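[1] 3D, please:
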Amino acid sequence: MKLTIVTPVLDDWDSCGILLGALERLNLPGVSAIRVLIVDDGSATPAPDDLCGRIGDGPIGRVELLELACNLGHQRAIALGIAVASETPGSDAVVVMDSDGEDPPQEIPRLLARLAEEPAAIVAAGRARRSESRLFRLGYAAYQLLFWVMTGRTIRFGNFSAFTLASAQRLARMSDTWNHLAAAMLRSKLPVEVVPTSRASRYRGRSHMAFPALIAHGFSAFSVFSEYVFARLFLFSCLLAVLALGSGAAVIAIRLLTTLAIPGWATTAVGVLGIVLLQAVLLCLIASVQLLAARSQAGAIPLSLVGTFVRRTRVLAPREDAASDALRRH
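    Numbering: from 1, shown residues only. This is a model prediction of the structure:
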């Protein structure tokens with residue numbers, strides 16, 4: 001197997017260098033060569049010359065750096081990396097992982113072993129144990145509950161995953177991958193096998209993702225299932241309208257047919273229910289328009305955007321100048 005590893009980087013070159021050293025020490029049975037595809041997501045500082053200093057005679061045969069023209073964000077950097085990896089001739093499988101160390105490289109053999117058993121599936125790393133604070137875990141649980149309510153799906157994994165080249169080619173042509181990789185995996189119609197893993201600690205520094213960006217990342221998954229969200233909003237608004245009409249009819253019946261109504265109560269109740277009915281109708285109309293708009297829009301295809309956002313590709317190992325000298329000597 002020839003393996004391509006896609007990892008995004010934003011200024012965290014120290015951690016990236018440590019990751020390359022960890023990948024170099026991996027024991028990967030059945031893997032003949034590793035190609036590391038580093039996606040520079042518009043870093044303010046260039047990659048250091050000694051980034052590949054920890055690489056020796058291990059399984060890493062090639063390290064390439066994709067320099068993006070601007071900062072696109074974590075998910076879109078990964079999407080472009082998958083798109084480039086999907087067009088690599090001779091590659092058999094792709095692994096997507098973070099470069100900061102939170103996705104432990106020692107879990108890669110387990111992912112690849114499961115992929116060998118289920119080559120048609122996407123093998124994703126599920127978090128059996130998380131290293132974040134209790135507040136973060138509580139917020140994440142609330143997000144998962146909200147995601148299930150709005151879409152009927154559950155996401156128990158992140159970006160750390162392994163899949164075949166054929167699966168990479170499918171993901172590279174899906175607009176959903178541009179917004180949220182994990183959600184795109186669910187929408188791909190490919191089976192997803194989850195392997196329990198533990199989240200490791202960062203090699204260096206702290207995360208660049210602020211809390212607002214974290215919220216935006218979470219809600220990007222909703223955009224992948226926008227049709228499901230708007231369909232559920234439509235059904236909810238219809239149910240709300242039916243309840244408002246039924247309650248209004250009950251209030252009028254009590255007022256006209258019984259002596260139970262308090263003076264002035266029926267008018268107030270009907271007025272409140274009328275407002276609820278109006279809001280339900282407006283919500284129904286908005287959900288209908290958004291549902292139709294979501295189905296008619298053409299999304300961004302990562303493979304077609306490589307030429308737009310990839311400024312240049314650099315070969316870091318083996319060095320291009322050393323390879324050229326060897327070719328001239330030959």
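
[2] just the strands from the stretch 1-150 of the chain, written as ranges.
    Counting by DSSP state E, counting those that start in this stretch, one finds strands in the stretch 1-150 of the chain at the ranges 2-9, 33-40, 60-68, 93-96, 122-129.

[3] quick one: mean pLDDT over the first one.
    Taken as a whole, strand 2-9 carries a mean pLDDT of 94.

[4] what sits up against stretch 172-191?
    Stretch 172-191 is contacted from outside by 75-76, 78-79, 82-83, 86-87, 96, 118, 120-122, 124, 153, 155, 157-159, 161, 163, 167, 170-171, 192, 217, 220-221, 223-225, 298-303, 305, using Cβ atoms under 8 Å, 6 or more residues apart in numbering. Where C-beta positions appear, they are placed from N, C-alpha and C, glycine not excepted.

[5] rewinding a little: deepest in the core, which of the strands of the stretch 1-150 of the chain is it.
    Between the strands of the stretch 1-150 of the chain, strand 93-96 has the highest mean count of neighbours, a mean of 26, where neighbours are mean count of other Cβ atoms under 10 Å.

[6] packing partners of that one?
    If you count contacts as 3 or more Cβ pairs under 8 Å, 6 or more residues apart in numbering; DSSP states H and E, strand 93-96 packs onto strand 2-9, helix 74-86, helix 108-117, strand 157-164, helix 165-172.

[7] now the contacts of stretch 172-191: which count as buried?
    75-76, 78-79, 82-83, 86, 96, 121-122, 124, 155, 157-159, 161, 163, 167, 170-171, 192, 220-221, 223-225, 301-303, 305 (16 or more other Cβ atoms under 10 Å).

[8] pLDDT on stretch 252-263, on average?
    Stretch 252-263 comes out at a mean pLDDT of 76.

[9] now do the same end-to-end measure for that stretch.
    Criterion Cα to Cα, to the nearest Å; first-to-last residue distance in stretch 252-263 is 13 Å.

[10] other residues contacting that stretch?
    Stretch 252-263 has contacts (Cβ under 8 Å, 6+ apart) with 251, 265-266, 270.
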